[in-house]
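In: the following comprises the amino acid sequence and a computationally predicted model.
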Amino acid sequence: MDKTYQPNAIEQQWYQTWEESGYFKPSGDTSADPYCIMIPPPNVTGSLHMGHGFQESIMDALIRYHRMQGDNTLWQVGTDHAGIATQMVVERLLAAEGKSRHELGRDKFIERVWQWKEESGGNITRQLRRLGASPDWSRERFTMDDGFYKAVQEVFIRLYEDGLIYRGKRLVNWDPKLHTAISDLEVLNEEEQGHLWHFRYPLSDGSGHLVVATTRPETMLGDTAVAVHPEDERYKHLIGKTIKLPLAEREIPIIGDDYVDREFGSGCVKITPAHDFNDYEMGQRHSLEMINILDADANLNDEVPEKYRGMERFAARSQVVDDLDALGLLEKTEPHTLKVPRGDRSGVVIEPWLTDQWYVKTRPLAEDAIKAVEDGRVNFVPDNYQNMYFSWMRDIQDWCISRQLWWGHRIPAWYDTDGKLYVGRSEEEVREKHNLGGIELTQDEDVLDTWFSSGLWTFGTLGWPEDTAELKAFHPTSVLVTGFDIIFFWVARMMMLTLYFKKEVPFHTVYVHGLVRDSHGQKMSKSKGNVLDPIDLIDGIDLESLVQKRTSGMMQPHLRDKIEKQTRKEFPEGIAAYGTDALRYTYYSLASTGRDIRFDVGRIEGFRNFCNKIWNASRYVLQNCEGYDCGQDGGEDFELSLADRWIISQLQRTEKTVREAMDTYRFDLASQALYDFVWAEYCSWYLELSKPVLWDENVSQAVKTGTRRTLIRVLETILRLAHPLMPFITEEIWQRVKALAGTSGDTIMLQPYPEADERRIDTGAEAAIAWLKVVTEGVRNIRGEMNISPAKKIPLLLRGGSEEDRERLEACRSLLTKLASLESITWLDSGETAPASATALAGDLELLVPMAGLIDVAAESARLQKEIDKLEKELARVRGKLDNPKFVDKAPAHVVAKEKDKLAEMQSALSRLDKQLRAVGEL
RNA sequence: GGGUGGUUAGCUCAGUUGGGAGAGCGACGGCCUUACAAGCCGUAGGUCACAGGUUCGACCCCUGUACCACCCA
């Protein structure tokens, strides 16, 4: 083995072996518990970002953990066609060639998208493999493959036939850049600085005017009423009168509606039913005329006075303001903070616009979806996310599922020349079913919202609408791993659609994780230039390439410079190659309960070092076991030492902790428990404790065999315990270790996951080694504080102490000598005077290191004084507690007793330290 | 405006029935001690956001306040 752990030397090779050997497939053992996770399908043409890395790592840990427990385990993988996102990318590619999709035409364009999918579609799955993810690649699906198309059609048609899908002319969120409707969820409302303009609207009868306030003056050209509160004393007498709408020169009514907030502005509201969702509602209530003043580009159309026709919306806005001002109708302009709706893909301001769209009637579907969570058939981890789910579900709006795109599942609906609608699987089917003969039919131009197809993911991937064996075996699935931002988009839709069509929940548990942010808590984004690529953390990247990567394709040069500077400052050496295992371990250590995680490169380095630690510990173990009897043949000819029994005991506790953590999705606690055990117990103590045994000729063969057996078997168990978290290094080492540990098998992936055996918990051995540690640390403290070279062997005198202390010393004498680097250990008789010494305490036992030539008086006095000060502070607190009669009376007896013991112990320690301080002072 | 989460060492974070505040990184001092300098040994550093309350006892439970983040309107 190399002296240093080199992740790139092992990772790729193992992955290939695993995949080729078919280890990722379900065992097919139907008598075992099924375990199934559906991957949230990433965008087929996307690339892996930190959020994916985090999410896939969590899923893979769960999958490997369950696979090792013998479950019939399926991780279903696949990609999403991602309608808008993918279409935008391809349109941008075309634009670079100076073409538009309209020039190409629909069929050619779609062909082009498929071509792009073929070119770039392997990217994300390749990256997934780099993470060590172990899904069943043989079952990979795509949301637009043939089987999925069938499922999507089936769902659409049945929902339509059941009256749950309808077509209607409604206000939608219109994206004027992408020329499509989008759902409420795809609209981001961000606060922006704008203005509030106050206009005077003259009453038709010339008796005065009303003042209305608006943030969107151009919409006044489409006003069809002014509303006031029906009980507003200022205005209620005006209800029923009319306004002469300026510029448009139309008469519009004044209406009363209690939606109006009397406190806001003047208490009068202009109503534009065709361009505002609230106004639309009011328009419905009052049967107001709807005047659409915008075209698909959000330019003004022919419904407005000639002057404004064809104007861009924001140009029209200032023109309207200017013109009203010129007419003396602008009362005032105020700065105003408002929420501006923007498309999450295009970034442009969304316009409420009146169009024909397809909708899913969600209320009936939501009822079951709510119930399933209420009665615990589905539970959220952490559970507070169910509130988010409930609040949205209970106030759900109908879902606009049609998109005016070309890339996606085309809506299976046809119109005859009279506009009559037919829904069916194909034109032929529709013709036949409705006896249409040869009349002309045209298919609906729209495609379905991407989330409509991903909503079928859990059962669509398993073969539905066929009644497959996979559906029986794996549905409902076990757990869904996802970010909270996707709860509405995806989780909610899967719940509704799956419950409706499968009559069962899509999954039992939803594990919700947070967002991956940078080390300062900022969202990672291209424009901030703080994006980390998981692959760069695995393979490393030099500074110039990183700068190049972060600043390429930047529109704004000033951002470019800033990002370059900041990158050079943060990564002066570029990024080192930390390897997949270290990256994954970092994710796990940060994955506490559903909160956002800040990714700090310092952490990943620490875990790379941890990998190196395991690597080198293994080297040591192998060096000392290869070619020796390690009990691998099942012989009984060995004897377990105190240290052996201790580390085995600690191992049981660790196994228990890790399993509990994994079972409760506390990957942070699992990784922490493992890290502590491996580094702080196994490496720092047990390996050191094994040396005096293996290197001492006087130790019996049986004890040496016991130690070797324990070294190798504990290591082998550690590897299995860690495998779900760090798959590569554990496999690499396990292959070298398995035979010596008396086990066999082709891969660690399919070995049983360690389980604690309570019978092997040995409290006696634990207490003995705890004693050894305290004494060792006492001596080390003196050595460290007194700057005594580690190479210098020193004599140790012991005084006081109990019979138990003496027994423990005899049990551990050689271990202590080695660990504390001692020249000799001498037990002083009670009457015997000690030479001038530095002192440390281990309970009742005094540890004395003679000062001659090693320790100077001043330093030792200072050290003792420090100890005394610390102890006195503690003592004062405990004494205060015990002096309080209320505490003594009311606290449970065992707590009081414990405090009393503590007090006595500290008093005794203090008096001995005092005595020692005086003795040192007299020198 | 409604809701959720957060505030613990310089930084990133643990702390699960209320009973002596922890880890990693960083800092400081000492070491190439035959697995590992990506290491070893030692040390320092915290009024657990603030104010009340409950309790013999509060990082933990309750109330309120401040600030941060996110979701919804």
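Out: Thanks, I have it.
In: what's around the residue in the stretch 1-150 of chain A positioned nearest to RNA strand B, how many residues?
Out: Proximity of the stretch 1-150 of chain A to RNA strand B (CB to the nearest atom of the strand) peaks at A:T4, 4.3 Å away. Just so you know, the C-beta spots here come from the backbone N, C-alpha and C atoms, and that holds for glycine as well. Neighbour count for A:T4, taken as other CB atoms under 10 Å: 8.
In: ok, A:F474 next?
Out: With other CB under 10 Å as criterion, A:F474 counts 24.
In: quick check: which element contains the closest residue to it other than its chain neighbours?
Out: With CB to CB, 6 or more residues apart in numbering as the criterion, A:F474 has its nearest non-adjacent residue at 4.0 Å, and that residue is A:C36. Per DSSP states H and E, A:C36 falls inside strand A:34-38.
In: same for that strand, what does it pack against?
Out: With contacts taken as 3 or more CB pairs under 8 Å, 6 or more residues apart in numbering; DSSP states H and E, strand A:34-38 sits against helix A:50-68, strand A:72-76, helix A:469-474, strand A:477-483.
In: the longest one - what's its average pLDDT?
Out: What helix A:50-68 shows for mean pLDDT is 93.
In: again, but for stretch A:144-151
Out: Mean pLDDT, stretch A:144-151: 90.
In: before we move on, what about stretch A:747-759?
Out: 94.
In: before we move on, what about stretch A:585-592?
Out: pLDDT averaged over stretch A:585-592 gives 88.
In: same question for stretch A:400-411.
Out: 89.
In: is it in proximity to RNA strand B?
Out: No. Against RNA strand B, stretch A:400-411 shows no contacts by CB under 7 Å from any atom of the strand, the least distance being 13.6 Å.
In: so where's chain A shaky on pLDDT?
Out: Along chain A, segments meeting pLDDT under 70 span A:555, A:594.
In: help me see whether the longest helix anywhere in it makes contact with RNA strand B, please.
Out: In chain A, assigned by DSSP state H, the helix with the most residues is helix A:893-921. Yes. Using CB under 7 Å from any atom of the strand, helix A:893-921 reaches RNA strand B at A:V895, A:K898, A:K902, A:M906.
In: for the first one, give its distance to A:K886.
Out: Separation of A:V895 from A:K886 (CB to CB, to the nearest Å): 13 Å.
In: so those two - more neighbours on which side?
Out: A count of neighbours by other CB under 10 Å puts A:V895 above the other of A:V895 and A:K886, at 12 against 7.
In: tell me the helices and strands packed up against whichever strand or helix holds A:Q13.
Out: For A:Q13, the host element (DSSP H and E) is helix A:11-21. If contacts are counted by 3+ CB pairs under 8 Å, 6+ apart, helix A:11-21 sits against helix A:106-130, helix A:727-737.
In: residues in contact with that helix: which ones?
Out: Helix A:11-21 has contacts (CB atoms under 8 Å, 6 or more residues apart in numbering) with A:24, A:129-130, A:132, A:134, A:137, A:538, A:579-581, A:727-728, A:731-732, A:746-747, A:749.
In: what residues are up against A:I110?
Out: Contacts of A:I110 (CB under 8 Å, 6+ apart): A:W406, A:W407.
In: likewise A:K169?
Out: Residues in contact with A:K169 (CB under 8 Å, 6+ apart) are A:L354, A:T355, A:D356, A:Q357.
In: circling back to that earlier point, give me the buried subset of the contacts of helix A:11-21.
Out: A:24, A:129-130, A:132, A:134, A:137, A:538, A:579-581, A:727-728, A:731-732, A:747, A:749 (16 or more other CB atoms under 10 Å).
In: of these, which is the nearest to A:L456?
Out: A:W137 (21.0 Å; CB to CB).
In: give me every residue that touches that closest one.
Out: Shown in contact with A:W137 (CB under 8 Å, 6+ apart): A:E19, A:F24, A:V77, A:T125.
In: equivalent analysis for A:L537, please.
Out: A:I575, A:Y578, A:L583, A:V601, A:I604.
In: could you find the closest non-adjacent residue to A:V430?
Out: Going by CB to CB, 6+ apart, A:V430 has A:G424 as its nearest residue, at 3.9 Å.
In: if we can go back for a sec, and the helix holding A:Q13, what's buried?
Out: So for helix A:11-21, counting by 16+ other CB under 10 Å, buried means A:E11, A:W14, A:Y15, A:W18, A:E19.
In: distance from that helix to the middle of the chain?
Out: The gap between where helix A:11-21 is centred and where its chain is centred comes out at 26 Å by CA atoms, centre = their mean, to the nearest Å.
In: by how many degrees do it and helix A:106-130 diverge?
Out: Angle of helix A:11-21 versus helix A:106-130, following axes from the mean of the first three to the mean of the last three CA atoms, to 10 degrees, is 110 degrees.
In: how about the one helix or strand A:I254 maps to: buried residues?
Out: A:I254 belongs to strand A:250-256 when assigned by DSSP H and E. Within strand A:250-256, the residues scored as buried using 16+ other CB under 10 Å are A:R250, A:I252, A:P253, A:I254, A:I255, A:G256.
In: measure the first one to RNA strand B for me?
Out: What it means is A:R250. Applying CB to the nearest atom of the strand, to the nearest Å, the value for A:R250 to RNA strand B is 29 Å.
In: one more: the fifth one?
Out: Summarising the geometry, the distance separating A:I255 from RNA strand B, computed by CB to the nearest atom of the strand, is 21 Å.
In: and if you look at the fourth one?
Out: From A:I254 across to RNA strand B, the span is 25 Å (CB to the nearest atom of the strand).
In: and the last one, by the same measure?
Out: Noted for A:G256: a distance of 22 Å to RNA strand B, by CB to the nearest atom of the strand.
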